[in-house]
Each structure stands twice: as structure tokens, then as C-alpha cells.
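S.K.: here is my input, please return the structure:
(2 chains)
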Amino acid sequence: MTEFMFLMAAAVLGSVALGLWRVVRGPTRADAMMAAQLVGSGGVAVLLLLSHAMGRAHLVDVALVVVLLAAMVSVAFVRRLGPVRGDDGTE
Amino acid sequence: MSGDTLVLDLVLAGLLVFLAWRLLTLSDLFKATVLFIVFGVLLSLAWVRLNAPDVALAEAAIGAGVTGALVLDALRRLDARGPADEAQPLRLNLPRLVGALLVMGLGAFLLWSVLSLPPGWRGLSSETAAAMPRSGVVNPVTASLLNFRGYDTLLEIAVLMLAVLGVWTLNAEPMPPAEPAGPILDVLVKALLPPMVVVAGYLLWAGGHAPGGAFQGAAVLAAGGILLHLARPFNVANRGVVRLVIGFGFAVFLLVGLTLATLGGRFLELPERHAGILILMIETAAMISIALTFVVLFVGNARDNAGRDTS
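M.R.: A predicted model of the protein is given here:
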């Protein structure tokens, strides 16, 4: 069971990492940011899996912090560099 | 490392090296910023795999979260100056050369000190474990940071105060006025702010017996402040009250140390009977100060007073 969870964690990590392609290719800044948010969500899933597999309950706290901070970072992106504002011609 | 964790660890390590390489070589600062945030999240996972959940928590909260928002904000201010700013090559001049040599010298010194450790040295973990019953807390990381090595933490808090001084001294690019927040952002702030405050308090309390502590709690609390600032920009100008709160954590820490010294003990040597409550006191004060420090670093040098030209 533990081995299965480690493998699942690796599978989650590998699949969200494919989203990093969008960071490099774009085309818009929002695409890149969404890929980063996807890694954040995937990271939470990996943390929850590891919490069980490694037998460390407090890893859930790390997952909780990632969730709260990722929400804040996405708001920072929208308010500071959001696609609506697109003032530097990259959109 | 056993076989069942090998795949995960290899994927994680490979991704980290790939990200580090890409974010240093990309010429587009925005893409590099996004990769930096992703790097922070994955680095936090790596710390988890290295059995250092305290560091993982700090990396997720400060490295990926607060620093990510700070870098995005800095990018916005750079954008306002035009894309030409991004392409400016850094020339090697005398101050940069001196700086580079200093940093490389420090790196060499650190490398030398690691290499000069006796072979087979197990670190200080057995000494720490032996002293744990006298530390007042159960979490060895908190015991090291606040009790055994209180000096380091005291000076770290002082460094953060210096960073605020630097921000207030610099004439950073002023932030263009933001549009009013939409209804979605309003709802998000209302939904996220209370849990952020609760989680910050929880992390502070948990620091005594599990991963957590003042810095991690402060990062979550500051994230709430930054969120509020993004929705409804407010000013944390260089005023008396703000300065008082920023200095509060350092003052409490110093005061505890000096009181202990005058009462016959040694500076920052926490007495066994009261160590637990003293650590909680210091950490609470430090969390409030550090949180406001992070918010001030994000808000920057808000020039609300007329008479200072922005040009």
C-alpha cells in the first residue's frame, strides 16, 4: 500500500509537471500562471499522499499552507499582471 | 532510500534541476518568475522527502508564497518602466566585482567549514535530544531556534527590520493606481482572510510540538495582509505605530534575554521551569512583527505625502 502511494505521488508529480510546457510556450501570461497553480494543486495532492505513505500526519499542515499561499499568489498575479491589464504588448 | 520511493525521488530531483536551469536561462522575466514559484513548491516537497517538515513549511510559506508575490509585484513595477529594462546587460564594474568576490569568498569559507568537519561526525542531534527535556518544548527545531540558539533567531529578526529600513529608504517605482476590486475578489478575501488568521495562530501554537513556529505563522498572516492590500490598497507608511509593531518582536526577545541576565542567569539562557511560556511569548511577539514586516516589504515605500516627486 505504501509503495502504491509513493508511485501515485510520482505519477501526480509527473503529470502536473507536463503543464510546465505551458509556462515556456505561453502564449499568454495567464496560461503560464495556470500551469504554476496546477503544480500547486498537484503539490498538495503529493503532500497528502506522502503524509499517509511516510506516516507523518503533520504534512497535512504543509498542504494547508500551500493551498492558502497559492490562492494569495494567484490574486497577486491577477491584480498586478493580470491579462486584463496587458499593457506591455505581450498579450 | 528504498526502492518504493525511488521513482518519486528521481522525478522530484530531476524536475528541480531542470527548473533551476530553465529559470536561470530564460530571458523572459515573467516566465522565470512563474518557474521560481513552481521551484519553491517542489523544493518544499524535497524537504519533506529529506525528513525536514519544518523547512518544508517555511519554504512553502516564505519561499514560494510570500517571495512569489513579492517578485510578481517587482515585475509589475519593472513593466511600468518598459520592456527595455529587461534586456539591460549587467556590466562588471568595481562594486559588482567586490560584491562577487565577497560572496564567492563566503561560499569558499562555508565549503571549507563543511569539509573540515571530522569524518563520520553525526551532527549535534544526540546533544539536542539529550537537552530536549530542559528546553520547554517538544519540537527539537523550535527548541534549537528559540532556546539553544536563541542568538541566531534574535539576529534574524533584526535582519528583517533592516530590510524594512532598506525598503523605506529606497525610492522604488510607485505603483500605478489599481482598479477597484470586483465582486469575486471581495468574496475571496472574505472567505480566505479568517482561515489565514486561524492557521497562522495554529502554526504558532503547533511550533511547540510539531512543525510550525513564528516565521511560518507570520508568512501565512502576512499572506492575509497582502491579499487585503491587493483587494483594497492600504498604506503602511513609515509611522510611529508601524515602527513600534515592527520592532515589537525584537524588543520582547531582547527584553527577555536582558531580564534573565539581570536576574542572575545568562543572556538568552531560558530557565527550565519557564522556558515553554517564554518561548511562546517570544514567538507570538515575533510572529506579529514578522508578519507586518512582510506586508511592509510588499507594499513598499508608499508615498502618500505630497511634496515628494516621483520622477
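
S.K.: mind giving me the domain split of chain B?
M.R.: Domain assignment for chain B, taken from automatic domain parsing, gives B:1-87, B:137-304.

S.K.: any chance of those domains in TSV with mean pLDDT, mean neighbour count and distance to chain A as columns?
M.R.: (Each C-beta comes from the backbone N, C-alpha and C, glycine too.) Shown next, in TSV, are those (pLDDT from 0 to 100; neighbours: other Cβ atoms under 10 Å in any protein chain shown; distance: least, Cβ to the nearest Cβ, whole Å):
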stretch	mean pLDDT	mean neighbour count	distance to chain A
domain B:1-87	85	19	3
domain B:137-304	86	18	4
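
S.K.: of the ones you listed, which is nearest residue B:113?
M.R.: domain B:137-304 (15.6 Å; Cβ to Cβ).

S.K.: before we move on, back to that, which one of the domains of chain B lies nearest to residue A:30?
M.R.: Evaluated over the domains of chain B, closeness to residue A:30 peaks at domain B:1-87, with 10.7 Å, by Cβ to Cβ.

S.K.: with adjacent residues omitted, what lies nearest to residue B:285?
M.R.: Excluding the flanking residues, the one nearest residue B:285 by Cβ to Cβ, 6 or more residues apart in numbering or on different chains is residue B:252, at 3.8 Å.

S.K.: dihedrals phi and psi, the one you found?
M.R.: phi -60, psi -50 (degrees, to the nearest 10).

S.K.: and residue B:119, which helix or strand is it part of?
M.R.: When elements are assigned from DSSP states H and E, residue B:119 belongs to no helix and no strand.

S.K.: before we move on, what about residue B:255?
M.R.: Going by DSSP H and E, residue B:255 is in helix B:240-262.

S.K.: between whichever helix or strand comes after that helix and helix B:240-262, how many degrees?
M.R.: Counting by DSSP H and E, the next helix or strand C-terminal to helix B:240-262 is helix B:275-299. Orientation check (axes from the mean of the first three to the mean of the last three Cα atoms, to 10 degrees): helix B:275-299 against helix B:240-262 gives 150 degrees.

S.K.: adding distance to residue A:9, write the domains of chain B out as JSON lines.
M.R.: Output for those, formatted as JSON lines (distance: least, Cβ to Cβ, whole Å):
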{"stretch": "domain B:1-87", "distance to residue A:9": "5"}
{"stretch": "domain B:137-304", "distance to residue A:9": "19"}
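
S.K.: and of those domains, who's closest to residue A:68?
M.R.: domain B:137-304 (5.6 Å).

S.K.: quick one: distance of that closest one to the chain centre.
M.R.: Distance of domain B:137-304 from its chain centroid, counting by Cα atoms, centre = their mean, to the nearest Å, is 9 Å.

S.K.: next, count neighbours for the residue in chain A positioned nearest to chain B.
M.R.: When scored by Cβ to the nearest Cβ, chain A has residue A:69 as its residue closest to chain B, at 3.0 Å. By other Cβ atoms under 10 Å in any protein chain shown, 30 other residues sit near residue A:69.

S.K.: before we move on, the earlier item: residue A:13 is nearest to which of the domains of chain B?
M.R.: Closest approach to residue A:13 among the domains of chain B (Cβ to Cβ): domain B:1-87, 5.3 Å.

S.K.: return the distance of that closest one from the chain's centre.
M.R.: Worked out by Cα atoms, centre = their mean, domain B:1-87 lies 15 Å from the chain centre.

S.K.: how about residue 14, phi and psi?
M.R.: Assuming you mean chain A. Dihedral angles (degrees, to the nearest 10) for residue A:14: phi -60, psi -40.

S.K.: now the closest residue in space to it that isn't next to it in sequence: phi and psi?
M.R.: Closest residue in space to residue A:14, ignoring its immediate chain neighbours: residue B:11 at 5.4 Å, by Cβ to Cβ, 6+ apart. The phi/psi pair for residue B:11 (degrees, to the nearest 10) reads phi -60, psi -50.

S.K.: just checking, residue B:11 touches residue A:10?
M.R.: Yes. The pair residue B:11 / residue A:10 is scored as a contact, 5.1 Å apart, by Cβ atoms under 8 Å.

S.K.: mind listing what the residue nearest the centre of chain B touches?
M.R.: In chain B, the centroid-proximal residue (Cα atoms, centre = their mean) is residue B:62; its distance is 4.5 Å. By Cβ atoms under 8 Å, 6 or more residues apart in numbering or on different chains, the contact set of residue B:62 is B:215, B:216, B:219.

S.K.: the last one touches residue B:61, doesn't it?
M.R.: Read it as residue B:219. Yes. Using Cβ under 8 Å, residue B:219 is in contact with residue B:61, at 3.5 Å.

S.K.: now the common contact residues for the two.
M.R.: Common neighbours of residue B:219 and residue B:61 (Cβ under 8 Å, 6+ apart) are A:65, A:69.

S.K.: just to revisit the earlier point, for residue B:271, see how far away the residue nearest to residue B:285 is.
M.R.: 17 Å (Cβ to Cβ, to the nearest Å).

S.K.: next, the contact list for residue 75, please.
M.R.: You didn't say which chain, so I picked chain A. By Cβ under 8 Å, 6+ apart, the neighbours of residue A:75 are B:185, B:188, B:227, B:230, B:231.

S.K.: actually chain B
M.R.: Residues near residue B:75 by Cβ under 8 Å, 6+ apart: A:80, A:81, B:29, B:30, B:33.

S.K.: including distance to residue B:52 and secondary structure, could these go into a markdown table?
M.R.: Output for these, formatted as a markdown table (distance: Cβ to Cβ, whole Å; DSSP: H, G, I helix; E, B strand; the rest coil):
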| residue | distance to residue B:52 | secondary structure |
| --- | --- | --- |
| A:80 | 32 | helix |
| A:81 | 33 | helix |
| B:29 | 30 | helix |
| B:30 | 31 | helix |
| B:33 | 26 | helix |
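
S.K.: hmm, back to that, what sits against the residue nearest to residue B:285?
M.R.: Contacts of residue B:252 by Cβ under 8 Å, 6+ apart are B:281, B:282, B:285, B:286.

S.K.: one more pass at 7 Å, please.
M.R.: Residues in contact with residue B:252 (Cβ atoms under 7 Å, 6 or more residues apart in numbering or on different chains) are B:281, B:282, B:285.

S.K.: residue B:58 now?
M.R.: Counted by Cβ under 7 Å, 6+ apart, residue B:58 has contacts B:215, B:216.
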